[in-house]
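> 3D, please:
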Amino acid sequence: MKAKLGMSPIAWWNDDLPELSDDASLEECLRQSRSAGFTGMEMGRRFPSDPSVMLPILRKADVTLCGGWFSGTLVNEDLAANKARIAPMIELFKAVDAPCIVYGEVGRSIQGDRSKPLATKAVLADVEMKTYAHKVTEFGEWCADQGMPLSYHHHMAAVVQFEHELDAFMNHSGEGIPLLLDAGHLAFAGGDILRAIDNHHRRISHVHVKDVRMDVIKALDWTKSSFLDAVALGAFTVPGDGSLDFGTIVQKFADYGYEGWFVVEAEQDPRKNPPLKMAQVGYKELMRVMTAAGYTVEAEGFPAD
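Residues are numbered from 1 along each chain as shown. Take a look at the predicted model:
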């Protein structure tokens, strides 16, 4: 089985918490992650939106674009508005041969609002979840028809956070919207990662190997602390530096024959946890567990012309 290892630039620059960002340029971010061994990088705010500018930067770094976040609002806005906003991103991602766009729901979400405690997140009624899931499926089908598939990201503080919400969303949605399984977000929400893989492996198209510091999470008061508070306190980290058993998690993916990207997305304070050092820790641990699970990790970055 083949797999690819990527990173998210959120280890270097945090879009929601500027104080958790260093001054590394895009080129330096790519250089550091590639030197640690990663061959892909998801898109962040310092990436150019013009493929003629982005491609030479990626080629020089020997790194491919392995995904990127789209802030969807389908829970409270119409399809047309979301299609209009994602259309330029689709064209960009096609031009640089990215595998997918990550759909993250920000409608009715409190993930970016530090004044909103975790306990105040929006909860969809059953009929709302069904309607929402059908709408996201239609959107995913449309994006795939344009030449760029989506991968749905369940997320803390969003309308699909808990495992039962993920199950409901997957039950009511269709094949047209594949799933991004994020180990760290599911663990934070108290979910069973292995059970979620068992239940939804047929639709998983992208994986975030985010680790958690469970002692930080267990100490949170959900009636007072926001999602961003948890991030600032160090709830997330890279594999090999946290509480999750990625040997077992990766083996579960291997058991179902998953092949594709495993992306380290670990937002934390870069001054306390230098991104290059964290990248090295994460890569070493992932190579250990992936080799044990029978994966061959692709070493090539940007494909040769």
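
> what's the distance between residue 27 and residue 303?
Here the criterion is CB to CB, to the nearest Å. By it, residue 27 lies 20 Å from residue 303. (Each C-beta comes from the backbone N, C-alpha and C, glycine too.)

> those two: which is more packed in?
Neighbour count, other CB atoms under 10 Å: between residue 27 and residue 303, residue 27 has more, with 12 against 9.

> how about the CA coordinates for the helix or strand harbouring that one, as CSV?
Assessed by DSSP states H and E, residue 27 sits inside helix 26-36. This file holds the C-alpha atoms of helix 26-36, laid out as CSV (Å, rounded to 0.1, in the frame of the first residue of the first chain):
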residue,chain,number,x,y,z
LEU,A,26,6.1,30.5,2.6
GLU,A,27,9.4,29.4,1.1
GLU,A,28,10.9,28.8,4.6
CYS,A,29,7.8,26.9,5.7
LEU,A,30,8.0,24.6,2.7
ARG,A,31,11.8,24.2,3.1
GLN,A,32,11.5,23.2,6.7
SER,A,33,8.7,20.7,6.2
ARG,A,34,10.5,19.2,3.2
SER,A,35,13.7,18.9,5.1
ALA,A,36,11.8,16.9,7.8
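
> now do the buried residues in it.
Of the residues in helix 26-36, 26, 29-34, 36 count as buried by neighbour count, 16 or more other CB atoms under 10 Å.

> now do the contacts for residue 1.
For residue 1, the contact set (CB atoms under 8 Å, 6 or more residues apart in numbering) comprises 254, 257-259, 294-296.

> and the residues you listed, which are buried?
Burial by neighbour count, judged by 16+ other CB under 10 Å, picks out 254, 258, 295 from the contacts of residue 1.

> narrow those residues to those in helices?
residue 254 (DSSP state H).

> residues near the residue lying closest to residue 14 once chain neighbours are set aside, how many?
Once flanking residues are discounted, residue 14 sits nearest to residue 20: 4.1 Å by CB to CB, 6 or more residues apart in numbering. By the criterion of other CB under 10 Å, residue 20 has 22 neighbours.
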